[in-house]
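Chemist: Got a predicted structure here, sequence first:
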Amino acid sequence: MARVTVSEAARLVGLARQNLYKNYINEGKISVDRDHLGNPKIDTSELIRVFGEIRMTHKVSQKEQSTTGENSINDSDLTVVSQAKDQVITALRLQIEAATEREKKAEDREAWLRQQLEDAQRQVKLLTHDRSGDSSAKRNRWWRLWK
């Protein structure tokens, strides 16, 4: 994932830099890494995790607009957004696959438990049927002894 400065991260999520520090970074909701120079950097995946979809607004001065004739987003911004979306899609697909696998295992476990229950019910039925026949025979013999 792309890493951006704190100021750039604040711009991407539409907050003031101070609010981003106060409400998210200092609270531990967003983690900040350091680059090789020790400057704070925020992974865009962290921004997506906390804020959902990030918006890529690109402020172009009027002078630039008059020369280009349009308000354009540079390629690096589009690459960052594309990579962020691809990672989110990949993560969601993995979650779906894991959920499908868990569901299959649960269905197999349920089928096995149903079979065990049916077997136990059959055995109980056989045992109660056998005992009822034996108990009447024993009672008859007992009464015969005392008659």
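Modeler: Received the coordinates, thanks.

Chemist: Which residue ranges of the protein form helices?
Modeler: 6-13, 17-20, 44-51, 62-68, 75-146 (DSSP state H).

Chemist: Would you tell me which of those helices gets closest to Leu37?
Modeler: Checking those against Leu37 by C-beta to C-beta gives helix 6-13 as the closest, at 14.1 Å. For every residue, glycine as well, the C-beta is placed using N, CA and C.

Chemist: hmm, who's touching the closest one?
Modeler: The contact list for helix 6-13 (C-beta atoms under 8 Å, 6 or more residues apart in numbering) reads 4, 16-17, 19-21, 25, 30, 32, 40-42, 44, 47, 51, 54-57.

Chemist: tell me the pLDDT at the residue positioned nearest the centre of the chain?
Modeler: For the chain, the residue sitting closest to the mean C-alpha position, by C-alpha atoms, centre = their mean, is Gln95 at 5.8 Å. Listed pLDDT for Gln95 reads 93.

Chemist: same question, the one 3 residues further on
Modeler: Ala98 is assigned a pLDDT of 93 by the prediction.

Chemist: likewise Gln18?
Modeler: So Gln18 comes in at 90 (pLDDT).

Chemist: what does the one 10 residues further on give?
Modeler: Looking at Gly28, its pLDDT reads 88.

Chemist: Distance of the nearest residue to Leu47 once chain neighbours are set aside relative to Lys125?
Modeler: Leaving aside its sequence neighbours, Leu47 sits nearest to Ile54 (C-beta to C-beta, 6 or more residues apart in numbering; 5.1 Å). Applying C-beta to C-beta, to the nearest Å, the value for Ile54 to Lys125 is 64 Å.

Chemist: More neighbours: which of those two?
Modeler: A direct count of neighbours by other C-beta atoms under 10 Å for Ile54 and Lys125 places Ile54 higher, at 19 against 10.
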